[in-house]
Every structure is written in structure tokens, then in C-alpha cells.
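Q: prediction below, plus the sequence it came from.
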Amino acid sequence: VAVMSSGIPSSSDVYSQMDPKYRGDETFFENDPPLPKWAGYLIVVLFGVFFSFVTTGIVWLEQKFAGTHVTSEFFNTAGRDIKIGLTASVIVSQWTWAATLLQSSNVAWQFGVSGPFWYASGATIQVLLFGILAIELKRRAPRCHTVCELVLVRWGTAAHKTFIFFSFATSIIVTSMLLLGGSATMNALAGCDLNLTSFLIPWGVILYTAAGGLKATFLASYIHTGVIFIILLIMVYSVYVKEYSTDDIYDMLEMTVKHSFEECKIIFNENYDCEAGVCGCRVDGAVSVENCYEDGYTKTDITDSYYDDDDEFPRYACGGVAGNRRGSYLTMLSTPGLVFGIINIIGNFGTVFVDQSYWQSAIAAKPAAAHKGYMLGGLVWFTIPFALATACGLAAVALQLPLDAGEAGSGLVPPAVATHIYGTPGALMISIMLFMAIVSTGSAESIAVASIAAYDIYRTYMKPEATGEDIIRVSRIVVVIYGAVMGVLAVILNQIGLNLGWVYLFMGIIIGSAVIPLWNMMTWKDASATGAIVAAWAGMILALITWFIAATAMHGTVSIGTLGDQFVMLAANVVAIGSSGIIHYVHSKMYPQDYDWKSMGDIQLLDNDTSGLSDEDLDPAKLEEAKAWIGRVGWGFTILIVILWPVLSTPAGVFTRDYFSFWVFIAILWGIVASFVIIFLPIYESKEAIFMVCDGLFGTNLHAPMAEAQAAKLVSEKEVEEEKA
């Protein structure tokens with residue numbers, strides 16, 4: 001932020017593009033929520049009930065007309081025959097947290113264009129690279145149920161219990177962020193009680209997850225993803241086409257950066273006003289800059305300003321960004337943006353690689369679809385934080401909305417922009433979009449926790465002879481218990497005073513140390529069990545020690561505020577993943593396991609449900625080909641979006657008007673293509689089941705011609721193979 005100027009600013013210097021109705025407001029949502037309270041509670045409660053009926057209804061139709069049979073395998077793996085489109089849709093839905101919609105715009109509000117880019121790229125590569133693990137899972141353990149089951153058969157009981165802890169910790173952290181972001185947004189938009197909302201949100205998820213299992217979760221995820229992309233396109237179109245243009249946003253951002261610290265104190269002042277072309281402070285009916293000072297021209301202090309708390313940490317996005325080239329919001333040369341990117345990459349490796357919900361999606365996918373589904377899902381997901389935050393985050397700064405750091409940190413940037421543009425309909429739109437993200441990810445985490453509890457705790461340690469019915473019963477009970485416990489935990493976190501942004505930066509410290517051992521488990525035959533256990537625990541402990549030492553060294557004290565400092569979080573996150581990787585590598589080199597992968601392949605099904613496990617699905621030659629493909633493409637896209645793109649953007653320095661327009665054009669185009677693919681591809685791939693249901697309901701004959709054509713195709717392919725033979 002610029003330093004205080006030596007002279008009194010002129011009236012033109014303190015002109016702000018802030019809408020007159022916000023002048024003098026200390027916060028955006030301080031007094032008048034745009035939605036009535038009853039509407040907020042209605043969204044929270046009824047959406048879960050609605051999706052319970054819709055998804056369980058679809059599952060019932062599949063059972064009745066498409067021949068689906070719900071076994072314990074089906075409940076927890078969705079039949080292992082999910083195709084590319086639905087796999088991608090589920091990945092997008094699971095990875096679209098409340099943070100994706102809210103925190104991404106917060107970092108745009110803080111750092112400018114680098115924030116959305118590093119949020120998107122830093123959280124896309126994990127999904128792309130997980131595609132490698134997904135295909136390894138299909139090659140090594142096609143009948144497994146959970147990631148912890150893989151740990152047990154390879155590394156034994158001690159490692160099994162260790163990674164159960166880290167898997168549960170991951171799900172708890174992810175769910176906490178959903179509830180913190182959701183409750184803060186519903187509180188701001190409708191005045192709903194924070195604690196009550198935190199407790200109610202999980203119950204909407206519980207209903208359809210417990211009723212329909214993983215397949216119901218996947219179907220709901222598809223609907224959620226479609227709604228999210230429609231609203232995303234509306235918001236991006238509104239900011240850059242309907243209401244403003246890229247030139248408008250560019251000019252307003254340039255104007256914002258030019259304000260000095262002192263000028264910002266005048267703009268964010270309870271008496272700030274403009275009249276007849278003169279801007280300043282209104283005192284006794286007159287507006288002037290001099291009225292802003294305690295004793296006129298002597299400039300001892302600016303009175304009644306709420307811009308900063310202690311002249312060091314401004315509360316609003318006004319003036320230049322410290323650490324950015326020329327203080328501009330329109331540059332990739334941003335130190336705080338890069339620091340956030342590193343933290344984001346490390347933390348999100350934990351919340352993908354250690355999260356059972358991603359392993360569960362890989363287990364549920366058809367072998368031929370697993371790697372391509374993750375690749376497509378990652379590339380489609382990229383546009384959500386990139387496009388939405390480039391629109392909402394930058395618009396909030398450009399329009400000088402009176403959002404303070406507390407509101408932005410709680411994820412209220414998109415709700416503020418939507419409310420500013422559309423009023424009550426905008427608030428309702430963002431509420432629905434947010435609830436889609438909360439419910440979809442929440443259901444995935446619920447079924448993930450239930451699967452680990454049922455297979456890795458109940459069946460492994462309590463009742464080894466458990467039947468399929470036992471597994472379904474335990475899974476449903478755990479879904480209900482987990483939802484209730486998470487509601488209580490969210491209330492506690494709200495009382496402590498932690499917000500979405502703080503928890504987002506913190507997550508890598510706790511779970512980052514489990515990432516490399518799990519990667520090694522599936523890709524390195526010499527990865528040792530003892531090394532994995534020591535690496536996971538020691539990495540977390542060293543990260544926590546580093547966290548407290550760094551906070552003390554940099555700020556002289558340990559508090560929620562100092563522990564949340566970006567550089568403090570960076571140090572701890574790097575230690576978590578770095579120390580863990582070194583420990584596991586060194587120990588495995590000293591005491592290699594020389595694993596033959598046999599025990600993973602020997603995992604047996606609980607019910608005799610072999611869907612998705614045909615010889616054709618598990619053809620070794622095809623799986624090897626898939627492994628080679630995902631290795632090339634996964635690493636290729638990772639290098640492109642984490643190294644080449646930012647490096648090629650640095651010569652631009654501070655973006656010109658045309659360069660910024662091109663940047664926004666990429667965001668909009670990516671959003672349009674991604675929306676079309678993720679909405680229509682799953683429908684196309686599921687047309688056979690859709691036709692079967694239509695035939696059963698309406699007496700049509702849509703499926704028979706398709707079945708005959710497929711049979712003829714199979715005969716033709718068989719004849720070709722026989723001729724070659």
C-alpha cells in the first residue's frame with residue numbers, strides 16, 4: 001500500500017468510483033441482508049430434501065427398468081462402471097468446494113489477476129496427476145474399496161491406522177471449510193444464524209447420501225455441476241459484457257491503484273461524499289477534503305476513517321498491492337500471489353491424494369474412463385475459480401465495494417458483486433450456486449468417511465465376517481453420525497473465530513505429509529511401510545513446530561492472526577510435504593520393500609457384483625496404454641499451467657488494456673466450452689440407460705434399435721479380429 005502523502009490530497013485525488021449508496025458504509029453486508037431470513041433457511045433445508053427425492057427416484061428407475069441391483073458394492077462403488085462424462089462431472093463437483101467459489105475471489109480481491117490463476121492452476125494439477133494413480137489403481141487393485149484398504153494389504157496394520165487418521169482428518173477439514181463458507185454466506189445474504197446454519201447444512205446432505213449411496217451422490221453431483229456452470233456464465237457475462245466491459249474494469253482498477261494510503265483513508269470514511277464534482281468529507285452540510293482532517297490544514301490525523309486498524313493492515317482493497325509490480329492488480333509479477341500459489345499447490349495435494357472421495361471416484365469409474373475422466377474433470381474445473389474470480393474478485397476492487405478484509409476472508413466477495421449487480425435475485429443466485437457446491441462435496445465426503453468406517457474399521461477390526469447388508473447398514477449409520485458431528489464442529493470453529501481463508505491455508509500443515517507416501521505406495525515397489533508411517537507423522541509434527549516458530553519469529557507472538565500470516569503458513573506447508581518426502585525416500589532406499597503387487601490384486605469383492613470388472617475392462621494391454629497416455633498428458637498439462645503459462649505472462653509486466661482483454665477472453669471461452677462439455681457429455685454417454693427408463697415409463701421403443709446396433713457392431717468387431725488371427 002502506498003505511503004502517506006506529504007500534502008493534502010486534492011478533491012480529484014479522492015474521487016472514487018464507489019456507488020453513492022455505499023458511501024459511509026463500513027461493511028457491505030452490515031445492516032441489510034438482501035434476502036429474507038426465511039428464504040435462507042428454506043434454501044438450507046429444502047434443497048437437501050429436493051435432491052433426496054430426485055436422486056433416489058433416478059436410482060429407483062434404474063433398478064426397475066435398467067436392471068440395476070443395489071448391493072454393498074454398488075452402494076459404495078456405484079457399480080464400477082461410471083463413464084468419462086459422469087466421472088469428470090463428479091470430479092468437478094467434488095472439487096468445487098465453497099472455497100472454490102468464495103476463496104478464489106478473495107485472493108483476486110487481495111492480489112489481482114495472479115490470485116485466480118494460482119488458485120485454478122495450483123488446484124488443477126492434483127486432479128490431472130491423480131489420473132495416474134487412478135489408472136494404477138485399476139491395474140494393481142481393480143476390486144479394492146478404499147485407499148486405506150490398499151495401505152493395509154501392502155504395509156500392514158500400523159500403517160493402516162495411520163492413514164485412516166489422515167483420511168479422516170482430510171474429510172473433516174474439507175467439510176469444515178464447506179460449512180464455514182456456507183454459514184458465513186447465508187448469514188450475510190439472509191441474516192441466518194451462523195451456528196444454526198452450520199448445524200443444519202449437513203442434514204440436507206445426509207438424506208440422499210444415506211438413501212442412495214455413491215450412485216445417488218454422483219447423480220446429484222451432475223445436477224450440481226450443471227447449475228454451477230450456468231450461474232458462472234451468467235456472472236462472467238454480467239461483469240464483462242452486460243454491465244461493464246474489460247476496458248471499464250481496467251480503467252477502474254488503474255484508478256484504484258493510484259490512491260495513496262491517505263486518500264484511501266478519506267474514501268473509506270463515515271463522512272465521505274461527493275457533491276457538484278467535489279469529493280471529501282461532509283461536515284455541517286459542506287463537502288471538502290479539509291473536513292476530513294482533525295484540525296484542518298495541520299493534518300494531524302484523518303478523523304472518522306475505518307480504512308485501517310493500526311496504519312499497517314488496511315481493511316479494504318484500495319491503493320496499490322504490496323509486492324505486485326507497480327502495485328497493480330493487473331500483473332502476474334506478484335510476490336503474494338506466488339506465495340499463495342505455492343501454499344495452494346501443497347495444501348491441495350493433500351486434499352486430493354489423501355481424500356478417500358477421489359479414490360472412490362477412481363474405484364467407481366470404468367477402467368477405460370478413469371484416467372480420461374480425471375483429465376477432463378481437471379481441465380473443466382480450472383475455469384470455475386479462474387473465470388469466476390477474474391470476474392467477481394476484480395469487479396469488487398474496481399467498483400470499490402465496501403468489503404472489508406473480514407468479509408472477504410469469509411468468502412463474501414462473489415455474494416457482494418452479485419448483490420450489487422442484480423440485487424435480491426443476485427443474492428439468491430449465489431446462494432443456490434454455493435449450496436450446490438456445499439451439498440455435492442459434502443455428500444462425497446460423507447460417503448468417503450462411511451466407506452472407511454465400514455470397510456477399514458468395522459469389517460477389519462470389529463466384524464471380519466460382515467456381510468454386504470452389514471456394510472450398507474453401517475455406512476448409512478456413519479453418514480448420519482458424521483453429518484451431526486460436523487455440524488457441531490462447525491459451530492465450535494465459528495465460536496473460535498476461524499474463517500474459510502484461514503482454514504484453507506492451514507490444511508496442508510496437517511495432511512500434506514501423507515501425500516508422497518500414498519503416491520509412492522501406488523508407483524514405487526520399494527516404498528517401505530515404516531518409512532511411510534514415520535514420514536506421515538514426523539512431517540506433520542515438524543510442520544506444526546515450524547508453524548509456531550515462524551509465527552513467533554516474524555511477529556513476536558502466537559495468535560490466530562499471526563499463525564494465519566501467509567509466509568508463516570508457507571513455511572509450515574513446505575516443511576510438511578518436503579520433510580515427509582525426504583524421510584520416506586531415505587528410509588525406502590535403506591530398507592526397500594521390493595513389493596510384488598500381488599496382495600493388492602488379491603483383494604476380494606464382498607458381494608459377487610462384478611460389474612465394471614470384465615476381462616475387456618481389465619485388459620492389461622489397454623491399461624498399459626492408458627497409463628502411458630495419462631502420464632504424457634497429465635505431466636504435460638501440469639508443466640503447461642504451472643510453469644509455461646506464468647513464465648510466458650511475466651514479460652507482459654503490468655497488463656496493457658489489450659492484454660487484459662485477451663486474458664478475460666480466454667477465461668470466458670474456457671468457461672463456455674467447459675460448460676457445454678460437462679453438461680451434455682454425461683447425457684450422451686448415458687443415453688442407453690435413459691432410453692431404457694423411457695421405454696419402461698412410456699412404452700416407447702427407443703432402446704431396442706440401439707441394442708441391435710451395438711450387437712451388430714460387436715459381431716463385426718469379432719469377425720475382424722478372427723480375420724486378423
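A: Ah, there it is. Just so we're clear, the structure is a prediction, and the values are computed from it rather than from any experiment. Residues are numbered from 1 along each chain as shown.
Q: who does the top strand by length along the chain pair up with?
A: The strand of greatest length in the chain, counted in residues with DSSP state E as the criterion, is given as strand 278-283. Counting by DSSP bridges, the strands paired with strand 278-283 are strand 272-275 (antiparallel), strand 286-288 (antiparallel).
Q: quick one: low-confidence parts of the stretch 151-300 of the chain?
A: For the stretch 151-300 of the chain, the stretches with pLDDT under 70 are 207-219, 295-300.
Q: pull out the buried residues from stretch 475-495.
A: Neighbour-count burial for stretch 475-495, with 16 or more other C-beta atoms under 10 Å as criterion, is recorded at 475-476, 478-480, 482-483, 486-487, 489-491, 493-494. (C-beta placed from N, C-alpha, C; glycine too.)
Q: with stretch 149-165 instead?
A: Neighbour-count burial for stretch 149-165 [16+ other C-beta under 10 Å]: 149-155, 159-164.
Q: now those residues as JSON lines including distance to residue 449 and secondary structure?
A: Formatted as JSON lines, these follow (distance: C-beta to C-beta, whole Å; DSSP: H, G, I helix; E, B strand; the rest coil):
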{"residue": "149", "distance to residue 449": "14", "secondary structure": "helix"}
{"residue": "150", "distance to residue 449": "17", "secondary structure": "helix"}
{"residue": "151", "distance to residue 449": "16", "secondary structure": "helix"}
{"residue": "152", "distance to residue 449": "17", "secondary structure": "helix"}
{"residue": "153", "distance to residue 449": "21", "secondary structure": "helix"}
{"residue": "154", "distance to residue 449": "22", "secondary structure": "helix"}
{"residue": "155", "distance to residue 449": "21", "secondary structure": "helix"}
{"residue": "159", "distance to residue 449": "19", "secondary structure": "helix"}
{"residue": "160", "distance to residue 449": "16", "secondary structure": "helix"}
{"residue": "161", "distance to residue 449": "16", "secondary structure": "helix"}
{"residue": "162", "distance to residue 449": "17", "secondary structure": "helix"}
{"residue": "163", "distance to residue 449": "14", "secondary structure": "helix"}
{"residue": "164", "distance to residue 449": "10", "secondary structure": "helix"}
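Q: between the residues you listed, which sits nearest residue 623?
A: Minimum separation from residue 623 among these (C-beta to C-beta) is found for residue 150, which lies at 16.7 Å.
Q: so which of the strands paired with strand 278-283 comes closest to residue 33?
A: Distances from residue 33 to each of the strands paired with strand 278-283 were compared using C-beta to C-beta; the minimum, 23.5 Å, belongs to strand 272-275.
Q: which residues touch the closest one?
A: Applying C-beta atoms under 8 Å, 6 or more residues apart in numbering, the set of residues contacting strand 272-275 from outside is 14-16, 20, 23-24, 266, 279-282, 287, 292.
Q: could you flag which of those residues are buried?
A: The neighbour-count test (16+ other C-beta under 10 Å) marks 14, 15, 16, 23, 24, 266, 279, 280, 281, 282, 287, 292 as buried among these.
Q: out of the contacts of strand 272-275, the closest to residue 109 would be?
A: Sorting the contacts of strand 272-275 by distance to residue 109 puts residue 16 at the head of the list, at 16.2 Å, by C-beta to C-beta.
Q: distance of the residue nearest to the closest one when sequence neighbours are not counted from residue 26?
A: Nearest-residue entry for residue 16: residue 267, 4.6 Å, with adjacent residues in sequence omitted and distances by C-beta to C-beta, 6 or more residues apart in numbering. In this structure, residue 267 and residue 26 are 12 Å apart, going by C-beta to C-beta, to the nearest Å.
Q: which of those two has more neighbours?
A: Taking residue 267 and residue 26 together and counting by other C-beta atoms under 10 Å, residue 267 has the greater number of neighbours (27 against 15).
Q: wait, that one sits on residue 306?
A: No. Using C-beta atoms under 8 Å, residue 267 makes no contact with residue 306, being 10.8 Å away.
Q: got JSON lines for the buried residues of stretch 475-495, with distance to residue 173, secondary structure and pLDDT too?
A: Formatted as JSON lines, the buried residues of stretch 475-495 follow (distance: C-beta to C-beta, whole Å; DSSP: H, G, I helix; E, B strand; the rest coil; pLDDT from 0 to 100):
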{"residue": "475", "distance to residue 173": "21", "secondary structure": "helix", "pLDDT": "85"}
{"residue": "476", "distance to residue 173": "24", "secondary structure": "helix", "pLDDT": "84"}
{"residue": "478", "distance to residue 173": "18", "secondary structure": "helix", "pLDDT": "89"}
{"residue": "479", "distance to residue 173": "18", "secondary structure": "helix", "pLDDT": "85"}
{"residue": "480", "distance to residue 173": "21", "secondary structure": "helix", "pLDDT": "85"}
{"residue": "482", "distance to residue 173": "14", "secondary structure": "helix", "pLDDT": "87"}
{"residue": "483", "distance to residue 173": "16", "secondary structure": "helix", "pLDDT": "83"}
{"residue": "486", "distance to residue 173": "11", "secondary structure": "helix", "pLDDT": "83"}
{"residue": "487", "distance to residue 173": "15", "secondary structure": "helix", "pLDDT": "80"}
{"residue": "489", "distance to residue 173": "10", "secondary structure": "helix", "pLDDT": "82"}
{"residue": "490", "distance to residue 173": "12", "secondary structure": "helix", "pLDDT": "80"}
{"residue": "491", "distance to residue 173": "16", "secondary structure": "helix", "pLDDT": "82"}
{"residue": "493", "distance to residue 173": "10", "secondary structure": "helix", "pLDDT": "78"}
{"residue": "494", "distance to residue 173": "15", "secondary structure": "helix", "pLDDT": "77"}
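Q: so which helix or strand of the chain has the lowest pLDDT on average?
A: helix 72-77 (a mean of 49; mean pLDDT, DSSP states H and E).
Q: now stretch 402-417: buried residues?
A: Within stretch 402-417, the residues that qualify as buried are 402-405, 407-417, counting by 16+ other C-beta under 10 Å.
Q: one more: stretch 666-682?
A: With burial defined by 16+ other C-beta under 10 Å, the residues of stretch 666-682 counted as buried are 667, 668, 670, 671, 672, 674, 675, 677, 678, 679, 681, 682.
Q: report the contact partners of the third one.
A: Shown in contact with residue 670 (C-beta under 8 Å, 6+ apart): 382, 383, 386, 387.
Q: helices - which of those land there?
A: For the contacts of residue 670, membership in helices holds for 382, 383, 386, 387, with DSSP state H as the criterion.
Q: quick one: the third one and residue 114 touch, right?
A: What that stands for is residue 386. No. With contact defined as C-beta under 8 Å, residue 386 does not reach residue 114; the gap is 11.4 Å.
Q: ok, and what's touching the strand or helix carrying residue 599?
A: Element membership for residue 599 (DSSP states H and E) is helix 598-601. Residues outside helix 598-601 that contact it (C-beta under 8 Å, 6+ apart): 140, 141, 142, 144, 150, 153, 154.
Q: could you find the closest non-adjacent residue to the first one?
A: Spatial nearest neighbour of residue 140, excluding adjacent residues (C-beta to C-beta, 6+ apart): residue 600 at 4.6 Å.
Q: distance check, the one you found against residue 155.
A: Distance from residue 600 to residue 155, counting by C-beta to C-beta: 11 Å.
Q: for residue 324, same thing?
A: Counting by C-beta to C-beta, the gap from residue 324 to residue 155 is 46 Å.
Q: alright, calling it a day.
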